[in-house]
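K.L.:
Just need the structure, nothing else, for what follows:
(one chain, ligands or ions: 1)
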Amino acid sequence: MSLRHFTVLLVTQLAMSAACMPGLAADAATLRERMVQDQIEARGVRDQRVLAAMRSVPRHRFVPQDQQADAYLDKPLPIGYGQTISQPYIVAVMTELARPAAGDRALEIGTGSGYQAAVLAQLVDRVYTIEIVEPLARQAARTLQSEKASNVVVRAGDGYGGWVEHAPFDIILVTAAPDHIPQPLLDQLKPGGRMVVPVGPTHAVQQLRLIGKDAAGHTHSRQVADVRFVPLQRK
Ligand code: SAH
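P.N.:
The predicted structure follows:
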């Protein structure tokens, strides 16, 4: 496992993008507002902090140039290496389920484009994120740096084992699907912590599960939705 760390520069918040992007039919902020209203609020996401984060993170900056015109559509998009950036609604749902709070420390498995990490980074103190495809980890770190997400740390490697040095975590988001819940991730969840993970067979429908750990360290799990994620790979 590679242990390269990509630390992002010291600035506190993501820059808002109000710029008019070539290839986008309208102003990016306007497209994001429509995305939030039509795809996310309309389907029941109510947490105002989550909605504000979805309004402010420029999704088009997290996708390859040839996908930018589609960045605010209601679907996942290819980001190379057979991987995808999740549908905006799914990012919002997973973020809301995690109940992010300002002081929280979060772990994400499956950095991909860095978009989910950037959204979460607006709502918590620090995000640690692990990506198994090294060029994607590098690209995501570059994007996060240029978007001034200074509280995200990207690492290339297999996230199955979590990130022991920074554990325990208030929040763990798994954005690739394992066929079982990785025990190391359960172990690295704080009492009171929340984990959101799609569990199920490769290339089929999986169950999005919300797992909580109580003060006594017992976990409880509930199924939230049917989803389709790329598989969690192992190294
Ligand atoms: N959260 C991402 C999208 C996730 S796509 C975003 O916002 O863009 C799932 C990602 O998980 C892929 O990039 C894939 O390479 C990565 N992945 C798969 N198995 C992994 C593992 N064991 N550890 C870390 N990352 C993994």
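
K.L.:
Which elements pack onto the top strand by length along the chain?
P.N.:
With DSSP state E setting the assignment, residue counts place strand 189-199 as the longest strand in the chain. In terms of contact count using 3 or more C-beta pairs under 8 Å, 6 or more residues apart in numbering; DSSP states H and E, strand 189-199 is assigned the packing partners helix 88-97, strand 169-174, helix 183-187, strand 206-213, strand 219-227. C-beta here means a position set from N, CA and C on the backbone, and glycine is covered the same way.

K.L.:
Show the average pLDDT along the longest helix seen in the chain.
P.N.:
Secondary structure of the chain per DSSP state H: the longest helix is helix 134-146. Looking at helix 134-146 alone, the average pLDDT works out to 98.

K.L.:
I'd like the distance from it to the chain centre, please.
P.N.:
The gap between the average C-alpha position of helix 134-146 and the chain average comes to 14 Å, counting by C-alpha atoms, centre = their mean, to the nearest Å.

K.L.:
what's the closest non-adjacent residue to Val197?
P.N.:
Closest residue to Val197 apart from its sequence neighbours, by C-beta to C-beta, 6 or more residues apart in numbering: Val174 at 4.0 Å.

K.L.:
repeat for Leu31
P.N.:
Leaving aside its sequence neighbours, Leu31 is closest to Tyr72 (4.0 Å, by C-beta to C-beta, 6+ apart).

K.L.:
Is Gln233 in contact with Ala177, as I believe?
P.N.:
No: checked against C-beta atoms under 8 Å, the pair Gln233 and Ala177 is beyond contact range at 10.3 Å.

K.L.:
neighbour-wise, which of these two wins?
P.N.:
Taking other C-beta atoms under 10 Å, Gln233 and Ala177 do not tie; Ala177 has more neighbours (24 against 14).

K.L.:
Enumerate the residues of the chain near the ligand.
P.N.:
Along the chain, the residues adjacent to the ligand under the rule C-beta under 6 Å from any ligand atom are 83-86, 109-110, 112-113, 115-116, 130-133, 136, 158-160, 175-176, 230, 232-234.

K.L.:
Out of those, which end up buried?
P.N.:
Among the residues of the chain next to the ligand, those buried by neighbour count (16 or more other C-beta atoms under 10 Å) are 83-86, 109-110, 112-113, 115-116, 130-133, 136, 159-160, 175-176, 230, 232.

K.L.:
just checking, what packs against the longest helix of the chain?
P.N.:
Counting contacts by 3+ C-beta pairs under 8 Å, 6+ apart, helix 134-146 is packed against strand 5-7, strand 77-80, helix 115-121, strand 126-131, strand 152-156.

K.L.:
May I have the residues that are in contact with the most centrally placed residue in the chain?
P.N.:
Of all residues in the chain, the one closest to the mean position by C-alpha atoms, centre = their mean is Gln116, 2.5 Å from it. With contacts defined as C-beta atoms under 8 Å, 6 or more residues apart in numbering, the neighbours of Gln116 are 86, 91, 94-95, 108, 173, 175.

K.L.:
Check the gap between Asp170 and the ligand for me.
P.N.:
When distance is defined by C-beta to the nearest ligand atom, to the nearest Å, Asp170 is 18 Å away from the ligand.

K.L.:
Lovely, talk soon.
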